[in-house]
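Colleague: Next come a sequence and a model predicted from it.
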Amino acid sequence: MKLIQTERLDLHHIEAEDLIALFENRNDTQALTGKAFTNPLRVLIDFQGPLAWRVPQVKVNPDINKWFVRWAVLRSTQEIIGSSSFHGAPDENGMMEIGLGVEAAFQRQGFGREILRGMWGWVVTEPGVKVLRYTVSPTNTPSIGLINDFGFTYMGEQLDEIDGPESIYELSAEEYRNKFLNR
């Protein structure tokens with residue numbers, strides 16, 4: 001899987017077998033074997049975030065892993081500082097929803113923005129992707145500000161069974177390409 005690079009980050013895809021082992025063993029030894037980066041903050045080990053949803057999907061269809069979890073590695077230290085994952089392959093409308101997490105010590109330094117730009121910059125070049133979606137708690141002011149900076153449109157709210165109320169924001173893949181890739 002292609003490495004995605006941003007200004008300060010390398011977004012490394014986690015292979016299907018490694019993703020399953022990471023989740024089931026709560027250990028990153030297999031996933032980090034042969035890699036030049038480390039995981040001192042235990043990203044996706046102590047808080048497994050998206051793995052509980054992504055691993056069952058990968059077990060059913062390993063090919064879907066293409067859209068899933070990437071570690072965000074800070075290039076200057078070669079340490080994992082966060083992760084990101086789409087929620088699945090493009091749906092019938094070509095919609096791609098994303099999730100991300102940045103470790104507390106690295107928040108509010110622009111890393112979330114870099115992760116989103118890297119992930120979206122890659123996915124809008126993939127066949128079948130037509131709409132980018134971002135959902136966020138209506139009280140998460142920093143994330144709402146971030147998504148507004150990208151020019152996403154507020155589409156309404158939904159009730160997530162785990163996260164509670166979420167605001168839904170969307171932007172067409174074409175608009176994203178025109179704003180951010182075709183400069």
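Modeller: That came through, no problem. Numbers count the residues shown, from 1 in each chain.

Colleague: Would you state the helices of the chain in chain order?
Modeller: Taking DSSP state H as the test, the helices found in the chain are 16-25, 29-32, 51-60, 111-123, 141-149, 173-176.

Colleague: got the contact list for the closest residue in space to S143 that isn't next to it in sequence?
Modeller: Nearest residue to S143 in three dimensions, chain neighbours excluded: V136, at 4.5 Å (CB to CB, 6 or more residues apart in numbering). (Glycine included, C-beta is placed from N, CA and C.) Going by CB atoms under 8 Å, 6 or more residues apart in numbering, V136 touches 143-144, 147, 166-167, 169.

Colleague: Now, of those residues, which are buried?
Modeller: 143-144, 147, 166-167, 169 (16 or more other CB atoms under 10 Å).

Colleague: The residue nearest to the spatial centre of the chain bridge partners, please.
Modeller: Centroid-nearest residue in the chain: S84, 2.2 Å away (criterion: CA atoms, centre = their mean). Counting by DSSP bridges, S84 is bridged to R70, L100.

Colleague: Pull up the per-residue confidence for it.
Modeller: Note for S84: predicted pLDDT of 96.

Colleague: wait, isn't it in contact with I115?
Modeller: Yes: judged on CB atoms under 8 Å, S84 makes contact with I115 at a distance of 4.9 Å.

Colleague: ok, back up a step: now the buried ones among the contacts of V136 in TSV, with distance to E15 and pLDDT?
Modeller: Converted to TSV, the buried ones among the contacts of V136 look like this (distance: CB to CB, whole Å; pLDDT from 0 to 100):
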residue	distance to E15	pLDDT
S143	29	90
I144	34	93
I147	30	94
E166	30	93
S167	33	95
Y169	30	97
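
Colleague: The residues you listed into a markdown table, with extra columns for distance to A89?
Modeller: Converted to a markdown table, these look like this (distance: CB to CB, whole Å):
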| residue | distance to A89 |
| --- | --- |
| S143 | 24 |
| I144 | 27 |
| I147 | 22 |
| E166 | 21 |
| S167 | 24 |
| Y169 | 20 |
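
Colleague: which regions of this protein sit below the pLDDT cut-off?
Modeller: Judged by pLDDT under 70, the chain has its weakly predicted residues at 183.

Colleague: picking up where we left off before, for the residue nearest to S143, give its distance to A104.
Modeller: For V136, the distance to A104 (CB to CB, to the nearest Å) stands at 18 Å.

Colleague: now swap in I4 and tell me
Modeller: Using CB to CB, I4 is found at 23 Å from A104.

Colleague: Tell me which of the two has more neighbours.
Modeller: Each of I4 and A104 has its neighbours counted (other CB atoms under 10 Å); I4 has more, 20 against 8.

Colleague: The spatially closest residue to the more buried one that is not a sequence neighbour bridge partners, please.
Modeller: Leaving aside its sequence neighbours, I4 sits nearest to L11 (CB to CB, 6+ apart; 3.9 Å). In this entry, L11 is beta-bridged to I4, A72, by DSSP bridges.
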